[in-house]
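**Student:** Attaching a predicted model along with its sequence, questions to come.
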Amino acid sequence: MARLSRQEVAWALYDWAASAYALCILAGFFPIFFESYWAEAMPAARETFWYGILVAVASLAGAILAPFIGTLADTGRSRKKWLVVFALLGMCCTCGLIFVGRNNWPLAGGIFILGTIGYYGAFIAYNSLLPVVSPPKNRHFVSGLGFAMGYLGGVLLFGASIVLVKNYAAFGLASETAAVHISFLAAALWWLLFTLPLLLVVQEPVKDVPPTAMRASLSQLGRTIREMARNRSVLLFLIAYWLYIDGVNTVVAMASNYGKTLGFPTSTMLGTLILVQIVGVPSTLLVTYFAGKYRVRPFLFAGIGLYLVTVGYAAVMPTVPVKLFGFPVSSLYVLGFLVGCAQGGIQALSRSTFSLLIPPDRTASYFGIYNMLGQYAALLGPLIMGFVAQLTGSPRWGVASLVILFISGGIVLACAGNIEKTTQAVVSEVHKA
């Protein structure tokens, strides 16, 4: 691996920037504040129903728009431009939540949907810049650096926000609500501040833009889909990614619900969320470093295997503390440690591997499809988990059923062949098509 350039470091800093929305809004304060403030007067069952609808609509809207966003971002020198457009949408919506009053859940939900579209839309343009800033020999580690910085940045801001909310009076604030509002503002400013290095340092290659570029971009989307369908390695890799990342995202999405079902307190679940981020930093860097130095395929299989162990442990873990080195530790923390070891590496290597399989002049178009599959992920998993739990009467059997996704993803990945050897051949074939 060569020494990292200023462009590679500036690119990775965007993960640090956007982690503010991912952890503080998506995973942290929005779902809690929605229940306790914006939908305070709503019965619990109805609140859960509408919150689920909001999350589903935000995910579906992002998934539908992803291919079109990617194709438009490939029009001319515009990947950074579209990153700015969607990131600013997310930042403005994060600030907009401050002005939503108590029990005004429809407005809060609408802003949340727009903000989430902005967050995911910006990531399409961001991911597509990876081949621009990083040569193939650095690609896996730089992708991992982005995820690691995202974990670290997210946990620093989220941890500070939790301290502020829990001790609002000590900071001279009138209420917990005021502290949450400050946390929203801090998340938006954090996102803005750490996006600046990418905008100032990363240079996009210049492309000629024909007058009919916007109209032509729609036909290019069809071309991208046809090319993917014709290239076996790209197609099989995407199918494998969709399967195993569905399992990964289901673990993340259903963790709090599963923890509540087993009776773990909220404080333990928040602690586990922070633990996942902390463990994810060194584990992601180590996995991506060695994958770049040796071969990526064994590390992808290792990530899938570790998730099989994680899901198996989640299915049988006790609800009482376990002894580790003579000290009682919550079994949920053990689960969080396993997730932290597995999550960042498999996500980072998936991104970097895909970037090596696609034509360098249309990265945003391809990443639009990639991100669409990532958006649809956590679709099969919750359905399988819920169906099996209902059938067996046990949430433990429900979480155990997720092994289907990881095993299926591993089998399809094995059928994709030797990724390292097929990369250049696939790129050449796509260019000829």
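**Tutor:** Arrived safely, thanks for sending. Numbering: from 1, shown residues only.
**Student:** Ends of stretch 390-397, what's the gap?
**Tutor:** Stretch 390-397 has its terminal residues 9 Å apart, counting by Cα to Cα, to the nearest Å.
**Student:** just for this protein, where's the confidence low?
**Tutor:** 1-2, 45, 48, 75-77, 206-220, 253, 256-257, 375-379, 417-433 (pLDDT under 70).
**Student:** at 50 instead, please
**Tutor:** Residue ranges of the chain with pLDDT under 50: 211-212, 423-433.
**Student:** how deep is Ile404 tucked in, by neighbour count?
**Tutor:** 16 (other Cβ atoms under 10 Å). All C-beta spots, glycine's among them, are computed from the backbone N, C-alpha and C.
**Student:** In which helix or strand does it reside?
**Tutor:** helix 403-415 (DSSP states H and E).
**Student:** Okay, buried residues for that helix please.
**Tutor:** Within helix 403-415, the residues that count as buried by 16 or more other Cβ atoms under 10 Å are Ile404, Leu405, Phe406, Ser408, Gly409, Gly410, Val412, Leu413.
**Student:** Could you do stretch 184-202 as well?
**Tutor:** Quick answer for stretch 184-202 (16+ other Cβ under 10 Å): 184, 186-188, 190-192, 194-195, 197-198, 201-202.
**Student:** would TSV of those residues with distance to Leu60 be doable?
**Tutor:** TSV is the format used below for these (distance: Cβ to Cβ, whole Å):
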residue	distance to Leu60
Phe184	24
Ala186	29
Ala187	24
Ala188	25
Trp190	28
Trp191	24
Leu192	27
Phe194	29
Thr195	26
Pro197	32
Leu198	28
Val201	35
Val202	31
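**Student:** can you redo those residues as a markdown table with secondary structure and distance to Tyr119?
**Tutor:** As requested, the buried residues of stretch 184-202 are exported to a markdown table (DSSP: H, G, I helix; E, B strand; the rest coil; distance: Cβ to Cβ, whole Å):
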| residue | secondary structure | distance to Tyr119 |
| --- | --- | --- |
| Phe184 | helix | 14 |
| Ala186 | helix | 16 |
| Ala187 | helix | 11 |
| Ala188 | helix | 12 |
| Trp190 | helix | 13 |
| Trp191 | helix | 9 |
| Leu192 | helix | 13 |
| Phe194 | coil | 14 |
| Thr195 | coil | 12 |
| Pro197 | helix | 19 |
| Leu198 | helix | 15 |
| Val201 | helix | 22 |
| Val202 | coil | 19 |
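**Student:** Please enumerate residues in contact with stretch 306-326?
**Tutor:** 244, 247-248, 251, 258, 262-264, 328-332, 334-335, 338-339, 341-342, 346, 396-397, 399-400, 402-403, 406-407 (Cβ atoms under 8 Å, 6 or more residues apart in numbering).
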